[in-house]
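Q: got a sequence here, can you model it:
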Amino acid sequence: MIKHHPNDAILKNFVDGTLADSVSLIVSSHIELCEHCQAKVQQLTANAADSVFDEQQTATSNELDSFLADDIDFDFDVIDQITTDLSQSIEVELKTEQVTVADTTFTIPRALSSIARKDWMNLGKISRARLDFEDDAHHTSLLHIDKDGQVPCHTHKGFEITLLLEGSFEDEMGVYNKGDFIWLDGNHTHQPATKEGCVCLTVSSDALYFTKGVSQLFNPLGKYIY
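A: The predicted structure is shown next:
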């Protein structure tokens, strides 16, 4: 069961089209997995449409009155044909893509289907494949953590959004399962660990900052490896 979702402000910005492209991509991927957020987005979209219609109602009514007042000949046979064509059902095949990394097979969200992936880079139990997706300083990646793996304890110089695509992991703040959407920033310090293994979609705006042990040696290189 999905327990962690984008908040209402993020979903509204998604509907309004004001999110950064990478953030919109990961929100869209979450919505694909989450019936709860699908319903919210449908309602927000309807509210936005109603708002636009209310603003334009008077102007549209005046324009229509003016249009109907003109002496125009209509070809109703053509209009009937157009409406008949539009009423025909259109079958769209929604293709899904499965990817295997290590011993884990997972499904790529449809929002990612047209985006190229770079090769997987491996470091112990952690593998990362950067998406070939330019969005200013934001980096978008697929991250796989193998069974009994963990990411060293860290905080964030910017923000990091994680969408769990397969498996589960836990940290000091809770347990996360497939579909969960987690937004963290410099106010959070955590050490994600997984028993069964997991695959995540991540968007980062800046480097991680490791806070414990030998991993702190990598902090001067953080801007190159996040």
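Q: quick one: the helices in the chain?
A: Using DSSP state H, the helices of the chain run over 8-16, 21-33, 35-69, 76-87, 222-225.
Q: and those helices, which one is worst for confidence?
A: Among the helices of the chain, helix 76-87 carries the lowest mean pLDDT, at a mean of 55.
Q: okay, which residue is most central for this structure?
A: Ile26 (1.6 Å; Cα atoms, centre = their mean).
Q: quick one, what contacts that residue?
A: Thr140, Ile161, Leu163, Phe181, Leu201, Thr202, Val203 (Cβ atoms under 8 Å, 6 or more residues apart in numbering). Where C-beta positions appear, they are placed from N, C-alpha and C, glycine not excepted.
Q: break this protein into its domains for me.
A: Domain segmentation of the chain under the TED database yields 8-84, 97-224.
Q: nearest to Met1, out of those domains?
A: domain 97-224 (7.1 Å; Cβ to Cβ).
Q: run the chain-centre distance for that closest one.
A: 14 Å (Cα atoms, centre = their mean, to the nearest Å).
Q: likewise stretch 7-15?
A: Using Cα atoms, centre = their mean, the offset of stretch 7-15 from its chain centre is 12 Å.
Q: so which bits of that stretch are buried?
A: The neighbour-count check on stretch 7-15 (16 or more other Cβ atoms under 10 Å) flags Ile10, Leu11, Lys12, Asn13, Phe14, Val15 as buried.
Q: of those, which is the nearest to Cys34?
A: Leu11 (10.5 Å).
Q: what's the neighbour count on Glu134?
A: For Glu134, the count of nearby residues is 10 (other Cβ atoms under 10 Å).
Q: ok, Trp183 next?
A: Trp183 - counted by other Cβ under 10 Å - has 16 other residues nearby.
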